[in-house]
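J.: Got a predicted structure here, sequence first:
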Protein chains: 2
Amino acid sequence: MFFKGIAKYGVHRILLKQPKGGKSHKEAGGEFLQLTLNTEEAEMASFFEMLRKRWDQELFVCVGLDSDIAEIPECVSGDSAKKRIVSFNRDIIASTADKACAYKPNFSFYEALGADGMDALYETIEAVRILAPGVPVILDAKRADIGNTNKPSATFAFDLLGADAITVHPYLGAEAMSPFLGREDNGTIVLCRTSNMGGGEFQDRLVYVEWNELGDLVSEDISTLAKVCG
Amino acid sequence: MFFKGIAKYGVHRILLKQPKGGKSHKEAGGEFLQLTLNTEEAEMASFFEMLRKRWDQELFVCVGLDSDIAEIPECVSGDSAKKRIVSFNRDIIASTADKACAYKPNFSFYEALGADGMDALYETIEAVRILAPGVPVILDAKRADIGNTNKPSATFAFDLLGADAITVHPYLGAEAMSPFLGREDNGTIVLCRTSNMGGGEFQDRLVYVEWNELGDLVSEDISTLAKVCG
């Protein structure tokens, strides 16, 4: 269980971690200090600021971390499914830290391992903070419940895991999404037209919209756009 | 971690559990034997058979197990959030076993506790098997991803937790729901018009449907109905 007694991320969590090779925190020296500074900076940034900073560096690739244990190559070490997934993810994060605009773990692949999967997800996000500080994490959870029930999901995503953004469904309306939308520093990415096979079954149905209602829709779009652009 | 080395439910799991009060399995006597027989019967039944049996007894109440740790009364004992949630749920299950048509834990309230929440969810479903054998469990997870990504969610719900049915979203189409729909013994409950405030925002939009397409829709409805009725 890695969820208790650890600050969201930044200085506190880094100091709680023991450096490798049996060194004391002091002995770990410069590199350790640099990480601390980087994550301090990251701790203050909202999802939108982090994303904008990556875009400004012309970094636009969102790296998926949809680690299916059945597909992980044999060469990845670890004596449990959890350890092998985290090890695999760490290698991906270390190899892409200077290229990624964001990291996006998909919740489903972690829930397949039950409680161990929740730990694997937490450790994966922790690895992003350490190996790629300043790169935002989008939890691809496609949450889609009513407002009251989305509250604990927001707690899980943002407070417990420390993700910067989450993917959600629009089907239950804006009020249902409010526990996510109400978090000013976190991103809420709403599914519109999905690209999967069969996505058009319902999403491509012609919908009757009145002209005055269309005006409202445009206003909504603009206010959303304004929010995304900070 | 309660997920490993335990059979789905029925005889094996019951025998693995130590009876209360330090008694041996043999000493536990009649009541224990009766539980074993009941769960053996339950193990063979599909979600639809279990549900039909409850309906035939004129039992129609679906008991929600949306246990928000912040709302659980102080009198509920336990030295951790997980234990208090499971204890609270056990009391509800024991009090309603002869009245419930189904039990429906909502995933969000459990994920708020991370790895501990996954264990609490597992132990809650286990409590239904022991205290209310034959009553189906609907995992209210409102899963809503693409087909490939829904596969691990189906593994989690049906194989790991041993739930009998799951709630899902239709927005991504039938192909996306196939990992759930493909499980013949498990129920897949698809959200249509939800009753939450704001549910009508998108769901009440007028949709243009051609007459020949309407014919297809009706056929679909009938085939779904046939499936539900076994």
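T.: On my side now, so go ahead.
J.: ok, the spatially closest residue to A:A112 that is not a sequence neighbour - contacts?
T.: Of all residues not flanking A:A112 in the chain, B:P152 sits nearest, at 3.5 Å (C-beta to C-beta, 6 or more residues apart in numbering or on different chains). (C-beta placed from N, C-alpha, C; glycine too.) The contact partners of B:P152, by C-beta atoms under 8 Å, 6 or more residues apart in numbering or on different chains, come to A:D68, A:S108, A:F109, A:E111, A:A112.
J.: switch to 6 Å and redo it
T.: Residues in contact with B:P152, defined by C-beta atoms under 6 Å, 6 or more residues apart in numbering or on different chains, are A:S108, A:F109, A:A112.
J.: Tell me the one of the residues you listed nearest chain B?
T.: Comparing the contacts of B:P152 against chain B with C-beta to the nearest C-beta places A:A112 closest, at 3.5 Å.
J.: I'd like to know how far A:W55 sits from A:L65.
T.: Plainly put, A:W55 is 20 Å away from A:L65 if you go by C-beta to C-beta, to the nearest Å.
J.: partner residues bridging the most centrally placed residue in chain A?
T.: Central residue of chain A (C-alpha atoms, centre = their mean): A:I138, 2.4 Å from the mean position. Beta-bridge partners recorded for A:I138 (DSSP bridges): A:A165.
J.: contacting residues for it?
T.: If you count contacts by C-beta under 6 Å, 6+ apart, then A:I138 has A:A102, A:K104, A:A165 around it.
J.: Model confidence score at the last one, please.
T.: According to the per-residue confidence, A:A165 scores 98 in pLDDT.
J.: these two touch, right, it and A:V190?
T.: No - counting by C-beta atoms under 6 Å, A:A165 stays clear of A:V190, with 11.0 Å between them.
J.: neighbour count winner among those two?
T.: When A:A165 and A:V190 are compared for neighbours, A:A165 comes out ahead with 26 against 14, by other C-beta atoms under 10 Å in any protein chain shown.
J.: Can you tell me the SS state at A:V76?
T.: coil (DSSP: H, G, I helix; E, B strand; the rest coil).
J.: re the thing from before, who has more neighbours out of A:W55 and A:L65?
T.: Ranked by neighbour count (other C-beta under 10 Å), A:W55 and A:L65 place A:L65 first, with 23 against 11.
J.: and the gap between that one and chain B?
T.: Applying C-beta to the nearest C-beta, to the nearest Å, the value for A:L65 to chain B is 13 Å.
J.: before we move on, which element is the closest residue to that residue other than its chain neighbours in?
T.: Closest residue to A:L65 apart from its sequence neighbours, by C-beta to C-beta, 6+ apart: A:P105 at 4.0 Å. In this structure, A:P105 sits in strand A:100-105 according to DSSP states H and E.
J.: Contacts for that strand next, please.
T.: With C-beta under 6 Å, 6+ apart as the criterion, strand A:100-105 contacts A:54, A:59-65, A:124, A:128, A:135-138, A:140.
J.: other SSEs contacting the following helix or strand past it?
T.: Using DSSP H and E, the helix or strand that follows strand A:100-105 in sequence is helix A:107-111. Where contact means 3 or more C-beta pairs under 6 Å, 6 or more residues apart in numbering or on different chains; DSSP states H and E, helix A:107-111 is packed against helix A:115-131, helix B:147-154.
J.: can you redo these as a markdown table with mean pLDDT and distance to A:W211?
T.: Converted to a markdown table, the helices and strands packed on helix A:107-111 look like this (pLDDT from 0 to 100; distance: least, C-beta to C-beta, whole Å):
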| stretch | mean pLDDT | distance to A:W211 |
| --- | --- | --- |
| helix A:115-131 | 97 | 45 |
| helix B:147-154 | 94 | 38 |
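J.: Distance to A:F180 added to those, as a markdown table?
T.: As requested, the helices and strands packed on helix A:107-111 are exported to a markdown table (distance: least, C-beta to C-beta, whole Å):
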| stretch | distance to A:F180 |
| --- | --- |
| helix A:115-131 | 17 |
| helix B:147-154 | 20 |
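J.: What segments of chain A are strands?
T.: With strands called from DSSP state E, chain A shows them at A:61-65, A:100-105, A:138-143, A:165-168, A:187-190, A:206-208.
J.: Just checking the distance from the third one to the centre of its chain.
T.: Its chain's C-alpha centre lies 7 Å from the corresponding centre of strand A:138-143 when counted by C-alpha atoms, centre = their mean, to the nearest Å.
J.: Likewise for stretch A:163-176?
T.: Using C-alpha atoms, centre = their mean, the offset of stretch A:163-176 from its chain centre is 14 Å.
J.: For it, buried residues please.
T.: Within stretch A:163-176, the residues that count as buried by 16 or more other C-beta atoms under 10 Å in any protein chain shown are A:A163, A:D164, A:A165, A:I166, A:T167, A:V168, A:H169, A:Y171, A:L172, A:G173, A:E175, A:A176.
J.: how long is it end to end?
T.: 20 Å (C-alpha to C-alpha, to the nearest Å).
J.: which regions of chain A lie under the pLDDT threshold?
T.: A:1-44, A:214, A:217-219, A:221-230 (pLDDT under 70).
J.: residues from it in reach of chain B?
T.: Contact residues, chain A versus chain B (C-beta under 6 Å from any C-beta of the partner chain): A:1, A:3, A:106, A:108-109, A:111-112, A:114-115, A:118-119, A:142, A:144-146, A:149, A:152-153, A:155-156, A:160, A:169, A:171-176, A:194, A:196-199, A:201, A:205-208.
J.: So how do I select the buried members of the residues you listed in PyMOL?
T.: The following PyMOL line selects those of the residues of chain A next to chain B that are buried, judged by 16+ other C-beta under 10 Å:
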select buried, chain A and resi 3+106+108+109+111+112+114+115+118+119+142+144+145+146+149+152+153+155+156+160+169+171+172+173+175+176+194+196+198+199
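J.: can you pull the contacts of A:L121?
T.: Contacts of A:L121 by C-beta under 6 Å, 6+ apart are A:Y110.
J.: Can you tell me how far it is from B:W55?
T.: 39 Å.
J.: try A:V61
T.: For A:V61, the distance to B:W55 equals 52 Å [C-beta to C-beta].
J.: what does A:L131 give?
T.: Here A:L131 is placed at a distance of 54 Å from B:W55 (C-beta to C-beta).
J.: The strand holding A:P105 vs strand A:61-65, what angle?
T.: 20 degrees (axes from the mean of the first three to the mean of the last three C-alpha atoms, to 10 degrees).
J.: Between helix A:115-131 and strand A:100-105, find me the angle.
T.: Using the same axes, to 10 degrees, strand A:100-105 lies at 170 degrees relative to helix A:115-131.
J.: tell me which residues of strand A:100-105 are tucked away?
T.: Going by 16+ other C-beta under 10 Å, strand A:100-105 has these buried residues: A:A100, A:C101, A:A102, A:Y103, A:K104, A:P105.
J.: Check the offset of that strand from the chain's centre.
T.: 7 Å.
J.: Report the angle between that strand and strand A:138-143.
T.: Using the same axes, to 10 degrees, strand A:100-105 lies at 40 degrees relative to strand A:138-143.
J.: Since that was my last question, I'll sign off now.
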